[in-house]
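Asker: sequence unavailable; structure follows:
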């Protein structure tokens, strides 16, 4: 897939998170609250909380904000109750979308997500309509400039990863979700800086997008979803070659 850009690596290249740091803090805080509520406030015993805290550190989220979110999750501080929902649907060009949500108001979120789909000529579907096109995988990004391909491949496979591929200036590393924590610790233990580490919903197959207008529409659709406060993650099966992506960004 060298020369191509799937959405996860596109986000790395675009650096969109930095432009909306306040919104990122709000989304991570929700993750921390829910993780602490489900598995307790000790990150050593709660992998989901540990991952959320690491995301907070990567975003330079203040420690007091992190601790407050943990206390809200454990009930030490009063907070609203968040519900996890996954919306599915069809985007521009027949692409598949899965939207992970944390919301305190299902009806409001349902209306807002449906509106985003419909404004772009897309359609929100029933549960299960596109989930079969995706599989849960541990997913990591490492900049190619930091380590040679053979070395990162040997390290990752030895740690339990399934695959290592190059996408432009990053290595994409995937693994079974059960191996996520082991792979992550092994790579970090070798001094590898991870640009992205998450259990993701990765497409089994991709739709290659070579039309610039469609590519632009897909990018703005994803950005519209991510701009919603309740949206935690957006997954889609489009694949935009770097030469097309470069013309959109220029």
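Answerer: Yes, it's here. Not measured: the values here are computed from a predicted model.
Asker: flag every buried residue along stretch 92-100.
Answerer: Neighbour-count burial for stretch 92-100 flags 92-93, 95-100 (criterion: 16 or more other C-beta atoms under 10 Å). Every C-beta, even on glycine, is put in place using the N, C-alpha and C of the backbone.
Asker: now, those residues that are in helices?
Answerer: Among those, none falls in helices (DSSP state H).
Asker: farthest pair in those residues?
Answerer: The largest distance within the buried residues of stretch 92-100, taken as C-beta to C-beta, falls between 93 and 100 and amounts to 21.7 Å.
Asker: tell me the contacts of residue 176?
Answerer: Applying C-beta atoms under 8 Å, 6 or more residues apart in numbering to residue 176 gives the contacts 137-138, 160, 162.
Asker: what packs against the biggest helix by length in the chain?
Answerer: Longest helix of the chain, by residue count under DSSP H: helix 21-39. Contacts defined by 3 or more C-beta pairs under 8 Å, 6 or more residues apart in numbering; DSSP states H and E place helix 21-39 against helix 47-58, helix 63-74, strand 96-103, strand 231-236.
Asker: got the contact list for it?
Answerer: So helix 21-39 is in contact with 17, 45-49, 51-53, 55-56, 59-61, 65-66, 69-75, 79, 82, 84, 102, 227, 229, 231-232, going by C-beta under 8 Å, 6+ apart.
Asker: rerun that using 7 Å as the cut-off
Answerer: Here helix 21-39 makes contact (C-beta atoms under 7 Å, 6 or more residues apart in numbering) with 17, 46, 48-49, 52-53, 55-56, 59, 61, 65-66, 69-70, 72-74, 79, 82, 84, 102, 229, 232.
Asker: check stretch 141-149 too.
Answerer: 9, 12, 152, 166, 169-173, 192-196.
Asker: ok, which stretches of the chain are helices?
Answerer: 7-14, 16-19, 21-39, 47-58, 63-74, 106-119, 149-159, 180-189, 212-226, 242-249.
Asker: any idea which of those helices has the lowest pLDDT on average?
Answerer: Of all those, helix 16-19 carries the lowest average pLDDT, namely a mean of 47.
Asker: reformat the helices of the chain as a markdown table; add distance to residue 128.
Answerer: Shown next, in a markdown table, are the helices of the chain (distance: least, C-beta to C-beta, whole Å):
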| stretch | distance to residue 128 |
| --- | --- |
| helix 7-14 | 21 |
| helix 16-19 | 29 |
| helix 21-39 | 23 |
| helix 47-58 | 24 |
| helix 63-74 | 29 |
| helix 106-119 | 16 |
| helix 149-159 | 32 |
| helix 180-189 | 24 |
| helix 212-226 | 19 |
| helix 242-249 | 31 |
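Asker: out of those, the one nearest residue 202 is which?
Answerer: The nearest among the helices of the chain, by C-beta to C-beta, is helix 7-14 at 8.1 Å.
Asker: filter the contacts of helix 21-39 to the buried ones?
Answerer: 46, 48-49, 52-53, 55-56, 61, 66, 69-70, 72-74, 79, 82, 102, 232.
Asker: and the protein, what are its domain boundaries?
Answerer: If you go by automatic domain parsing, the domain ranges for the chain are 1-7+82-250, 8-74.
Asker: which ones are touching residue 136?
Answerer: 177, 199, 201.
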